[in-house]
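[1] 3D model of this:
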Amino acid sequence: MTKTVIKFEIEKETKNSVRYKEVPGEGKPPIVGSLYVQKWFAGSTKTLEITIDKKD
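    Got it, this is the predicted structure:
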């Protein structure tokens, strides 16, 4: 089992959602890329962290 924490920062607001772009680790490619989160949940949050738990 491998856990990875991915950081995102706000990129753009759309009508009903907020688009966040991934901030990849130095020298590493993005894992997810862009992430859309509904405005009712995101609120005014500028950064997000998501943990992915990869089951081997």
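
[2] and the residue most central in space within the chain, what is it in contact with?
    Centroid-nearest residue in the chain: residue 8, 3.9 Å away (criterion: CA atoms, centre = their mean). Taking CB atoms under 8 Å, 6 or more residues apart in numbering, we find residue 8 in contact with 20, 21, 22, 23, 32, 35, 47, 48, 49, 50. Yep, even glycine has a C-beta here, placed from its N, CA and C like the rest.

[3] let's go with 6 Å and repeat that
    20, 22, 35, 48 (CB atoms under 6 Å, 6 or more residues apart in numbering).

[4] Take those and keep only those in strands.
    Counting by DSSP state E, the contacts of residue 8 place 20, 22, 35, 48 in strands.

[5] Name the residues linked to the last one by a beta bridge.
    This means residue 48. residue 8 (DSSP bridges).

[6] and it, how many residues sit next to it?
    By other CB atoms under 10 Å, the residues close to residue 48 number 16.

[7] in this structure, which spans are strands?
    Under DSSP E, the chain gives strands at 2-13, 17-23, 34-38, 47-54.

[8] Can you say which of those strands is packed in most?
    Highest mean neighbour count among the strands of the chain (mean count of other CB atoms under 10 Å): strand 17-23, with a mean of 18.

[9] Which pLDDT value belongs to the nearest residue to residue 53 once chain neighbours are set aside?
    Distances taken as CB to CB, 6 or more residues apart in numbering put residue 3 closest to residue 53, at 5.2 Å, once the chain neighbours are dropped. What the model reports as pLDDT for residue 3 is 92.

[10] do the same with residue 7
    Note for residue 7: predicted pLDDT of 97.

[11] Next, find the distance separating the residue lying closest to it once chain neighbours are set aside from residue 56.
    Counting by CB to CB, 6+ apart, residue 7 lies nearest to residue 23, which is 4.6 Å off, once chain neighbours are set aside. According to CB to CB, to the nearest Å, residue 23 and residue 56 sit 25 Å apart.
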